[in-house]
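Engineer: Sequence plus predicted model, see below.
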Amino acid sequence: MKQTNLLWLCLALLLFSCSKDAENIAPAAQDNSLISNAMEHFNTSVLTGTAVEAQTQSANSNNYRHNIIKNAEWSNAKTVQLSIGEAVQVPLSFSKELYAQVKNSPNKLALSSLSYLLMYRNTRGWQTEVVHRLPDAAYLANTAINKSFTGMVLVENWQGNFIRGYSYDGNGTVKKLLAPRVKGSSSETQVMYEMPSYECNKEIDWYTCSSWECHYSYTETICSWTGGESGGGDYSGGSNDDGGGHHDGDYGDGNDSGYPSSDDYSDAPLEPRKVEVAVIPHTTITYNPIASCIYGKLGPGNHAYDKFLVEFQEDSEYTVIFKLQDNLTDYRGYPANGTTNYTIGSTSITILINSSRLDRPSWEVAGTFVHEMAHAYLAQKLVSIGGPGNLKQYAENTNFTDLFDYYSKYVKIIDNKHVYSPEENSSAQHNLMADKLITDIAIGIRDYVEANTPEIKNHSEITLEQYKAVAWNGLRETGAYTSLSTEEQTEIGINTTILQSFTVDRCI
Amino acid sequence: MNRLFLVLLCCLLSLTFECVAQEKVRQNIYYKLDSTDVKYTKYVSTHTSPYSKNKFTLNSFGLPCDCHIAGYLSFSGHTNSDVGDTSEQAKTISVNSYKKMKLISFNELVKLLREHDLDFNKLYNLYFVEVCKQRKDKYVVYNVKFRNSFVDSQ
Ligand SMILES: [Zn+2]
């Protein structure tokens, strides 16, 4: 109880700690001069720290996001119409990019694509806001043109202090938010969990990413007000200390206050940019020592990555996610070493690796990864044309000729209305892989083995034949395999055992 | 000082015993290779390890079987200690020793492999027994491991 009282006291103090913007109110100006006026104010007052900015809660010093250097890209500034009049919107770039993991979605979104600088004038002078718009999974999955925003908006000042925040759900409810806290780092977080008028069930997981993998960085926890519309004012603060300032308890929401309304933020014409790193390991991979070791040796430079996944890199529209799953089964319910899953219409492809079968020699597990990468390569092509039903239209295009041939041969029905069963996809793709991609798969496995144990490189007794033998795994229910003689089939087995006797089983 | 040493020694000893106790004893099983029964492929070779440059032997067998999607069951044993998962060196035994062996049939072997698949090598120590080509009164015993699991779906 005492702690709660203390919090209220702190919030009350914060309310009065804000002082009036030092700038004089400039006369109304035209669009271009609005941008240049905003820029001038920004450069002379905000950047120099002389402008006293609005805030309701001070920034959490543990929040890594606040410590990243921001840069306003004025050359791309534009004016936007808000309910309170014209405002200037400026894209932001960051000295280090962070990626927000969208809950229940494969997507990670770049902070720079979620954030912008918003400047506008009211009776108290220039107001400077850094707006972060974090859409939810439903918003990202919605392909409608006029979809309304669902997710969260956090409004902060240039220093990172919290001004206001909203969450927007699918049924039009807007909730007010409290400043985000870094999970587990502040005793205040604990207090907030105890407050009955708030529910603290919103989280943002932040990641840092390279061109091949993302690493979890930290989590921000956010509470929303559950006590009805009026309650939000209790923790809201004004930006001014002139007595008649913005601490009238209405959180700066609505036209009368001179501050943007919650609609102004949700209506912002901003499409989030999905993660630029299109190949993402799920935490189940990164937290598993075996899987993460193998995965780490299948990145750029490995033939399978360069051949099968490079398209994901060039066209960030597609995302491939690697994930572990226990007791994985295929479409027939049989145990499977790996599966590749995608839906026509979606832009993400998920490769599942059976965690119950990581117990095999690491080069065999690497073979499963590579095999699934080959599926992802084909899946990405299929997804890009709206599914195998459209292959006929693309049959002349060399990128799709093989797919058209194999779907025509093994599925027969190439038409838009046909629903392609997993069995049909499996049959067409495995036959194509056995005939056309087995060497690429073999080279991918060889590159893994040579990365794991470089001593094996150029060894006279180990040739591509041994790696090809491993590449047959998962491709035995194909015409190419069944047409081999018993001798040729057993030769594949012998070649695998030769490789096994030369290769360190575990990933080093 | 001496007492401390004794205490430490006791701890160390008890740990060692625990380790020994935890290591499971694998059951030995013997299967006689007979090409009139199962037309098997044998590949016996000597190689040089790329790591230590030591010589090692590899005994590899393919046993055709409709039971497996590959069309055969794959077994091998090698002595390359650089890569681990080694098997005993092949050895020659007398008829008397052979007669003491309790052999299992191909069907029994397949049943065990199917049942335990990935765990087979952890549970069983498999030996293939073959009549010696040079001396019919001798037998060669190869210690091998099961190499191609029944799960091939990916
Ligand atoms: Zn497959």
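Structural biologist: Alright, I've got the coordinates.
Engineer: secondary structure class for residue A:450?
Structural biologist: For residue A:450, the assignment made with DSSP: H, G, I helix; E, B strand; the rest coil gives helix.
Engineer: Just list the residues touching it, thanks.
Structural biologist: For residue A:450, the residues meeting the contact criterion (Cβ atoms under 8 Å, 6 or more residues apart in numbering or on different chains) are A:456, A:457. (Each C-beta comes from the backbone N, C-alpha and C, glycine too.)
Engineer: Could you rerun that using 6 Å?
Structural biologist: When contacts are counted by Cβ atoms under 6 Å, 6 or more residues apart in numbering or on different chains, residue A:450 touches residue A:457.
Engineer: just the one 3 residues further on next, same as before
Structural biologist: By Cβ under 6 Å, 6+ apart, the contact set of residue A:453 is residue A:504.
Engineer: where does it land on pLDDT?
Structural biologist: You'll see residue A:453 listed with a pLDDT of 95.
Engineer: Over to residue A:61?
Structural biologist: 73.
Engineer: so what's the backbone phi/psi at residue 114?
Structural biologist: Just going to use chain A. For residue A:114, the backbone dihedrals are phi -100, psi -10 (criterion: degrees, to the nearest 10).
Engineer: you looked at the wrong chain, it should be chain B
Structural biologist: Dihedral pair for residue B:114: phi -60, psi -40, per degrees, to the nearest 10.
Engineer: And it, how far from residue B:122?
Structural biologist: Going from residue B:114 to residue B:122 by Cβ to Cβ, to the nearest Å gives 16 Å.
Engineer: Quick one: list the elements packing against whatever helix or strand residue A:100 lives in.
Structural biologist: Using DSSP states H and E, residue A:100 sits within strand A:99-101. Under the contact definition 3 or more Cβ pairs under 6 Å, 6 or more residues apart in numbering or on different chains; DSSP states H and E, strand A:99-101 sits against strand A:108-110, strand A:198-209.
Engineer: what pairs with it, and is each one parallel or antiparallel?
Structural biologist: Here strand A:99-101 has these sheet partners by DSSP bridges: strand A:108-110 (antiparallel), strand A:198-209 (antiparallel).
Engineer: That one: how far from the chain's middle?
Structural biologist: Computed by Cα atoms, centre = their mean, to the nearest Å, the separation of strand A:99-101 from the middle of its chain amounts to 5 Å.
Engineer: ditto for stretch A:364-371
Structural biologist: On the basis of Cα atoms, centre = their mean, stretch A:364-371 is displaced by 25 Å from the centre of the chain it belongs to.
Engineer: Quickly check: that stretch near chain B or not.
Structural biologist: Yes - in this structure, stretch A:364-371 sits against chain B according to Cβ under 6 Å from any Cβ of the partner chain; the contacting residues are A:368, A:371.
Engineer: contacting residues around that stretch?
Structural biologist: Identification of contacts with stretch A:364-371 by Cβ under 6 Å, 6+ apart yields A:294, A:298, A:304, A:337-338, A:358, A:441, A:444-445, A:448, A:470, A:473-474, B:154.
Engineer: got CSV for those residues, with distance to residue A:88 too?
Structural biologist: Putting the contacts of stretch A:364-371 into CSV (distance: Cβ to Cβ, whole Å) gives the following:
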residue, distance to residue A:88
A:294, 50
A:298, 46
A:304, 48
A:337, 55
A:338, 50
A:358, 53
A:441, 53
A:444, 50
A:445, 55
A:448, 52
A:470, 59
A:473, 59
A:474, 56
B:154, 54
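Engineer: Just flag the most distant two among these.
Structural biologist: Using Cβ to Cβ, the contacts of stretch A:364-371 span at most 19.3 Å, a distance reached by A:358 and A:441.
Engineer: So between these two, which is more surrounded?
Structural biologist: Summary of the neighbour comparison: residue A:358 and residue A:441, criterion other Cβ atoms under 10 Å in any protein chain shown, with residue A:441 having more neighbours (28 against 19).
Engineer: in a strand, that's where the more buried one is, yeah?
Structural biologist: No - when three-state DSSP is applied, residue A:441 is found to be helix, with no strand at that position.
Engineer: Identify all contacting residues around the strand holding residue A:100.
Structural biologist: Applying Cβ under 6 Å, 6+ apart, the set of residues contacting strand A:99-101 from outside is A:108, A:109, A:110, A:134, A:204, A:205, A:207, A:209, A:275.
Engineer: host element of the fourth one?
Structural biologist: Assignment of secondary structure by DSSP H and E places residue A:134 within strand A:125-135.
Engineer: Which neighbouring elements make contact with that strand?
Structural biologist: The elements that strand A:125-135 packs onto, with contact taken as 3+ Cβ pairs under 6 Å, 6+ apart, are helix A:111-114, strand A:115-122, strand A:151-156.
Engineer: after the helix ranked longest in chain A comes which helix or strand?
Structural biologist: Across chain A, the longest stretch assigned as helix under DSSP state H is helix A:362-384. Scanning forward in sequence from helix A:362-384 by DSSP H and E, the next helix or strand is helix A:401-410.
Engineer: Could you export the helices and strands packed on strand A:125-135 as CSV, including mean pLDDT?
Structural biologist: Putting those into CSV (pLDDT from 0 to 100) gives the following:
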stretch, mean pLDDT
helix A:111-114, 85
strand A:115-122, 94
strand A:151-156, 94
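Engineer: can you list those in JSON lines and add distance to residue B:37 and mean neighbour count?
Structural biologist: Compiled in JSON lines, the helices and strands packed on strand A:125-135 are given as follows (distance: least, Cβ to Cβ, whole Å; neighbours: other Cβ atoms under 10 Å in any protein chain shown):
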{"stretch": "helix A:111-114", "distance to residue B:37": "68", "mean neighbour count": "21"}
{"stretch": "strand A:115-122", "distance to residue B:37": "73", "mean neighbour count": "23"}
{"stretch": "strand A:151-156", "distance to residue B:37": "68", "mean neighbour count": "24"}
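Engineer: Mind checking those for the one nearest to the ion?
Structural biologist: For the helices and strands packed on strand A:125-135, the distance to the ion is smallest for helix A:111-114, at 34.4 Å, taking Cβ to the ion.
Engineer: elements contacting that closest one?
Structural biologist: Judged by 3+ Cβ pairs under 6 Å, 6+ apart, the packing partners of helix A:111-114 are strand A:85-94, strand A:125-135.
Engineer: Please state the offset of the helix or strand hosting residue A:444 from the chain centre?
Structural biologist: Take DSSP H and E as the rule and residue A:444 turns out to sit in helix A:438-452. Averaged C-alpha coordinates place helix A:438-452 at 29 Å from its chain's average position (Cα atoms, centre = their mean).
Engineer: then it to PDB, C-alphas only?
Structural biologist: As requested, the backbone C-alpha atoms of helix A:438-452 are provided in PDB (Å, rounded to 0.1, in the frame of the first residue of the first chain):
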ATOM      1  CA  ILE A 438      20.400 -33.200 -55.200                       C
ATOM      2  CA  THR A 439      23.900 -31.900 -56.100                       C
ATOM      3  CA  ASP A 440      23.100 -28.500 -54.500                       C
ATOM      4  CA  ILE A 441      21.900 -30.300 -51.400                       C
ATOM      5  CA  ALA A 442      25.000 -32.400 -51.400                       C
ATOM      6  CA  ILE A 443      27.300 -29.300 -51.700                       C
ATOM      7  CA  GLY A 444      25.400 -27.700 -48.900                       C
ATOM      8  CA  ILE A 445      26.100 -30.700 -46.700                       C
ATOM      9  CA  ARG A 446      29.700 -30.800 -47.800                       C
ATOM     10  CA  ASP A 447      30.100 -27.100 -46.900                       C
ATOM     11  CA  TYR A 448      28.700 -27.800 -43.500                       C
ATOM     12  CA  VAL A 449      31.100 -30.800 -42.900                       C
ATOM     13  CA  GLU A 450      34.100 -28.700 -44.100                       C
ATOM     14  CA  ALA A 451      33.100 -25.800 -41.900                       C
ATOM     15  CA  ASN A 452      32.800 -28.200 -38.900                       C
END
